[in-house]
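Visitor: Coordinates for the following, if possible.
(2 chains)
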Amino acid sequence: MMDRYTIPQKIGLYIAVAIFLTFILLPFFEMFMASLRPLEHLFRSPYQFWSEDFSFQAYSDMWETVPLLGRYIFNSIYIASMVTAITMAFVVPAAYAFARMDFPMKSATLGIFLAVNMFTGAVLLIPLYRVLRTLGLLNTYWAMIVPGVAFLIPTGIWLLRSYLEKIPRELEEAAYVDGASRLYTLRRVVLPLAVPGLIVVGVAVFIGAYAQQFLFAITFNQTRELQPLPAGLYEFIGYQSVTWNEMMAAALVGVLPVMVIFLFLQKYLVAGLTAGAVKE
Amino acid sequence: MAERTGRRKLSEAWFAWMLVAPAILFIAVIVAWPLAETIRLSFMEADLGGEEFVGTANYTDLLDSRNFHETVVRTFYWMFLSVGLKLILGLIGATLLNAAIPGRALFRVLVMPPWVIPIAIGCIGWLWLYNGYFGLLSGLGQRLGILDGPFEFLAYKQSAFYSAIVTDVWVGTPMVTLFLLAAMQGVSRDLYEAAWVDGAGRWYRFRRITIPQIMPVIVSMALLSAIWTFNSFEIIWILTEGGPRGATTTLIVDTYKTAISNYKFGEGAARAVIIVILLALFSLIYLFFLNKVNRKYGVK
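Guide: Model (predicted):
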């Protein structure tokens, strides 16, 4: 009853949603249209909304123009997955400690983690370059994975901590009464209960790692075979004759695998966020 | 008994520290050490040739530079405008996606793409949209008679700046939308029903229930978003590289240009330190007001 809308209200809502989604999806629409136009008609002025010669030619030509496209797609997903796995390995124990235990300097430490949010990689690029050089990691996958992990640990801890706080303490206390050790309780009681939260945080970290590979890649890696998708494609934009239609096709195809994954995960994600990841 | 509790406390502290230590160590090596190094470099005249101590010269140069003042002001303007728009659009978007209308599950999926794809890829799309000769925006503008001829959005100071803002808002809005949506769904239905029974209209319920209930999420989202927007680099770099004639040069772009493009490591480091100081100050002031807001809304 309370949620019922009158017909004009409904129409208004749909129009508003349509405008909102137009803004969100416009660049993708534009990229798709550009990818369909043959190159000689791409640069045609005045602007034509519709051409008769739309074709999917660019989608087969792009594999020759960007021979490493498959590799770039793989690299992007590989780097993001490694960042996610390593970040979670650091985040889970730390978030548990912050959610459940008392220890000296707790709030100071938590404050330090939150402060890390203030330095994106771009601020620390020069010394970071030197650190990575000292560690011998330049021009390897690690050059892109290690800084990614460092800047995602704080977000991960922040998200997972508030999720873990929602799990009732009684279950752990029952385990202690039965003589279980702390580590055992963490592994066998807390983690299984936290699986939905772990997925949400894991997905959020993956998104962060996947969306922000560009800067570290162009700065710390010169090996073309290791470049993630955005850096690999960006290289072509600098060329004299950019085959823009193929670039657009490559960009769209490049993000397709991850988009499909998110299509399946989105229900989990919104539900998981709701379940408490952000609520105080 | 007291002794046992004491021992238990001690061992708990040890255990907790063991759990936190790996993360701390990692951050120390990859963030804290470079930060210390940045501070050291900021007192040096440093380039590819070597380093030489120059005291506070890098800082005094910056403080005397009119260009730098303009950059600072531009950066804050960029941040306030962009974050404001993200929050407003995010709030509208979340409200729309929260409305009980058929198709909302689909709409929620359709909001996500700008958030989940690499920022650089989205920027390639915007680059094309803003193109004066082949882009949709200029094309539509001409068709509708708003523009007399091709308009290069990224070629003029004003339009380049606001175009970059639009793209930044586009990248940031989906995440704000989804987090606010999640917060809205966490608001107890009982509150709405009680108000509804009392005859409260939709707008009243939105103003008096939804907004106060999700206020904590709005304010923490605003701070995070502000920090990220302040340091937003890729979007500006791909669209304009800080141009035309510096119109889109924010502090982070200026830092990158100085240190990485021109190899002036010392001067770049001084800019980086100033970014950190400005953001720290901003966060402190923000948190101070946050406390007041929280007290007003009765949140702990």
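Visitor: how many neighbours does the closest residue to chain A within the stretch 1-150 of chain B have?
Guide: At 2.4 Å from chain A, B:Gly139 is the closest residue in the stretch 1-150 of chain B, using C-beta to the nearest C-beta. C-beta coordinates here come from the backbone N, C-alpha and C atoms, glycine included. By other C-beta atoms under 10 Å in any protein chain shown, the residues close to B:Gly139 number 22.
Visitor: Can you give me the distance of the nearest residue in space to B:Lys264 that is not next to it in sequence to B:Gly266?
Guide: Leaving aside its chain neighbours, B:Lys264 sits nearest to B:Thr258 (5.1 Å; criterion: C-beta to C-beta, 6 or more residues apart in numbering or on different chains). According to C-beta to C-beta, to the nearest Å, B:Thr258 and B:Gly266 sit 9 Å apart.
Visitor: ok, these two, which is more surrounded?
Guide: Ranked by neighbour count (other C-beta under 10 Å), B:Thr258 and B:Gly266 place B:Gly266 first, with 23 against 19.
Visitor: mind listing what that one touches?
Guide: Going by C-beta atoms under 8 Å, 6 or more residues apart in numbering or on different chains, B:Gly266 touches B:41-47, B:51, B:54, B:58.
Visitor: 7 Å - rerun?
Guide: Applying C-beta atoms under 7 Å, 6 or more residues apart in numbering or on different chains, we find B:Gly266 in contact with B:41-42, B:44-46, B:58.
Visitor: Farthest-apart pair in the residues you listed, please.
Guide: B:Ser42 and B:Glu45 (10.6 Å; C-beta to C-beta).
Visitor: quick one: which of those two has more around it?
Guide: Shown here are B:Ser42 and B:Glu45; by other C-beta under 10 Å, B:Ser42 has more neighbours (23 against 18).
Visitor: element containing the residue of the stretch 151-300 of chain B at minimum distance from chain A, please.
Guide: Nearest residue of the stretch 151-300 of chain B to chain A: B:Ala182, at 3.5 Å (C-beta to the nearest C-beta). Here B:Ala182, judged by DSSP states H and E, is contained in helix B:157-185.
Visitor: Give me the neighbour count for the closest residue in space to B:Tyr59 that isn't next to it in sequence.
Guide: Nearest residue to B:Tyr59, sequence neighbours excluded (C-beta to C-beta, 6+ apart): B:Ala270, at 5.4 Å. Neighbour count for B:Ala270, taken as other C-beta under 10 Å: 29.
Visitor: List the contacts of B:Ala270.
Guide: Residues in contact with B:Ala270 (C-beta under 7 Å, 6+ apart) are B:42, B:58-59, B:62.
Visitor: And those, which is closest to B:Ala280?
Guide: Closest to B:Ala280 out of the contacts of B:Ala270 is B:Ser42 (15.3 Å), distances taken as C-beta to C-beta.
Visitor: surely that closest one meets B:Asn58?
Guide: Yes: with contact defined as C-beta atoms under 7 Å, B:Ser42 counts as touching B:Asn58 (5.7 Å).
Visitor: A:Phe49: what secondary structure?
Guide: Three-state assignment for A:Phe49 (DSSP: H, G, I helix; E, B strand; the rest coil): coil.
Visitor: that older thread, in which helix or strand does the residue of the stretch 1-150 of chain B closest to chain A reside?
Guide: Assessed by DSSP H and E, B:Gly139 sits inside helix B:136-143.
Visitor: buried set for that helix?
Guide: By 16 or more other C-beta atoms under 10 Å in any protein chain shown, the buried positions in helix B:136-143 come out as B:136-139, B:141-142.
Visitor: Apart from its chain neighbours, what residue comes closest to B:Ile214?
Guide: Once flanking residues are discounted, B:Ile214 sits nearest to B:Ala183: 4.1 Å by C-beta to C-beta, 6+ apart.
Visitor: Any regions of the stretch 1-150 of chain A where pLDDT drops low?
Guide: By pLDDT under 70, the low-scoring segments of the stretch 1-150 of chain A are A:1-2, A:42-47, A:119.
Visitor: what does the model give B:Leu96 for pLDDT?
Guide: Per-residue pLDDT puts B:Leu96 at 92.
Visitor: What's the local residue count around it?
Guide: Neighbour tally, B:Leu96, other C-beta under 10 Å: 22.
Visitor: swap in B:Gln213?
Guide: B:Gln213 is flanked by 19 other residues according to other C-beta under 10 Å.
Visitor: And A:Val116, by the same measure?
Guide: Neighbours around A:Val116, by other C-beta under 10 Å: 20.
Visitor: so where does the spatially closest residue to it that is not a sequence neighbour fall, helix or strand?
Guide: Spatial nearest neighbour of A:Val116, excluding adjacent residues (C-beta to C-beta, 6+ apart): A:Pro154 at 4.5 Å. Element membership for A:Pro154 (DSSP H and E) is helix A:141-164.
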